[in-house]
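S.K.: have a look; sequence and predicted model below, questions after that.
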Amino acid sequence: MIKTVLNAVLVVAILVMGFLLCKSIIKPIDFKDAKEKRQTAVIKKLVDIRKAQECFKDNYGHYTADFDSLKTFVKEGQKKVVEKKGTITDQQLEKGLTEKKAWEMVYKNNGADAAKYGIEDFEAFKEYFRRDTVFQSVMEVEFGKDFPIDTLDLVPFTNGKEKFEMKAEMKFNEKSGFSIPLFEASVLNNVYLNGLDKQEIINLNAQAKNLEKFPGLKVGDIEIPNNNAGNWE
């Protein structure tokens, strides 16, 4: 009887140990999968923020730290777009014709060198080769008319409760003597990974601290110019 009970206890102990072992193996894997899913969504948002900021800077000469201003610009702003019609043939390229030279000839209506570049009928070439600058909606050109611009500042997987942090600054460069426009947008691991295993998040933050890295995802930098790179790139 005692032997039977001991065997039963041993079986239960083995099952419990097996369960705990499996859980210890599966737990980090589940965290990794969930983390990568969230990272993918957050990185996509940061790339969209970067694109919007670069369009904003092209228009105003500086970045903005205000999401409302950025979203309004994307909704209502206009961007210069060159509409191209016609191409330069391989033969014309071999004779030294470039996009710039072709455009200048057409723009100035001067075909004196047309034959030199393999253009037999300059009047026909003018109709064929066009480069017109037009203004189009920033939203449609860069994002698409159905892009959910109103959620640009919201961090994925937070039920709309958390927003990205965004900063912008004109940084004076002593070497060049000019001020450089800089921006950064970021979100902490604690924010976009909230709800996942706490110890795994603590480990991530500790690793970032040891490497003197930002404990989260970030694009751009207001301290050091980095061509608006993301810290995942």
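M.R.: Arrived safely, thanks for sending.

S.K.: what about the residue nearest the centre of the chain, which helix or strand?
M.R.: Centroid check for the chain by Cα atoms, centre = their mean gives V47 as the closest residue, at 1.4 Å. If you go by DSSP states H and E, V47 is part of helix 2-60.

S.K.: quick one: contacts for A52?
M.R.: A52 sits next to L70, K71, F73, V74, V138, E142, F143, L152 when contact means Cβ atoms under 8 Å, 6 or more residues apart in numbering. Quick note: C-beta positions are derived from backbone N, CA and C, even for glycine.

S.K.: between those, which is closest to Y117?
M.R.: E142 (34.8 Å; Cβ to Cβ).

S.K.: looking at it, that closest one is touching Q53, isn't it?
M.R.: No: look at E142 against Q53 with Cβ atoms under 8 Å: they stay out of range, at 11.2 Å.

S.K.: more crowded one of those two?
M.R.: Each of E142 and Q53 has its neighbours counted (other Cβ atoms under 10 Å); Q53 has more, 26 against 17.

S.K.: give the contact list for that one.
M.R.: Y63, T64, L70, A168, F183, A185, G220, N228.

S.K.: same question, I119
M.R.: I119 neighbours (Cβ under 8 Å, 6+ apart): Q92, L97, G111, F125.

S.K.: now for those residues, which pair is the farthest apart?
M.R.: Q92 and G111 (13.3 Å).

S.K.: between these two, which one's more packed in?
M.R.: Q92 (19 against 16).

S.K.: need the nearest residue in space to that one, chain neighbours excluded.
M.R.: What sits nearest to Q92 in space, not counting adjacent residues and going by Cβ to Cβ, 6 or more residues apart in numbering, is G118, at 4.5 Å.

S.K.: repeat for V81
M.R.: Closest to V81 by Cβ to Cβ, 6+ apart is Q136, at 4.9 Å.

S.K.: got the domain ranges for this protein?
M.R.: 35-77+143-220, 78-142 (automatic domain parsing).

S.K.: E233 is nearest to which of those domains?
M.R.: Nearest of these (Cβ to Cβ): domain 35-77+143-220, 8.6 Å.

S.K.: quick one: the strands in the protein, in order.
M.R.: For the chain, applying DSSP state E gives strands covering 78-85, 130-137, 165-173, 178-188, 216-220.

S.K.: same for the shortest one, what does it pack against?
M.R.: Same thing as strand 216-220. Applying 3 or more Cβ pairs under 8 Å, 6 or more residues apart in numbering; DSSP states H and E, we find strand 216-220 packed against helix 2-60, strand 178-188, helix 189-192.

S.K.: worst mean pLDDT among these?
M.R.: For these, mean pLDDT drops lowest on helix 2-60, to a mean of 77.

S.K.: what is the burial count for L193?
M.R.: Considering only other Cβ under 10 Å, L193 is surrounded by 23 other residues.

S.K.: where's the nearest residue to it once chain neighbours are set aside relative to R38, distance?
M.R.: Excluding its sequence neighbours, the residue lying closest to L193 (Cβ to Cβ, 6+ apart) is I201, at 5.2 Å. As judged by Cβ to Cβ, to the nearest Å, I201 and R38 stand 11 Å apart.
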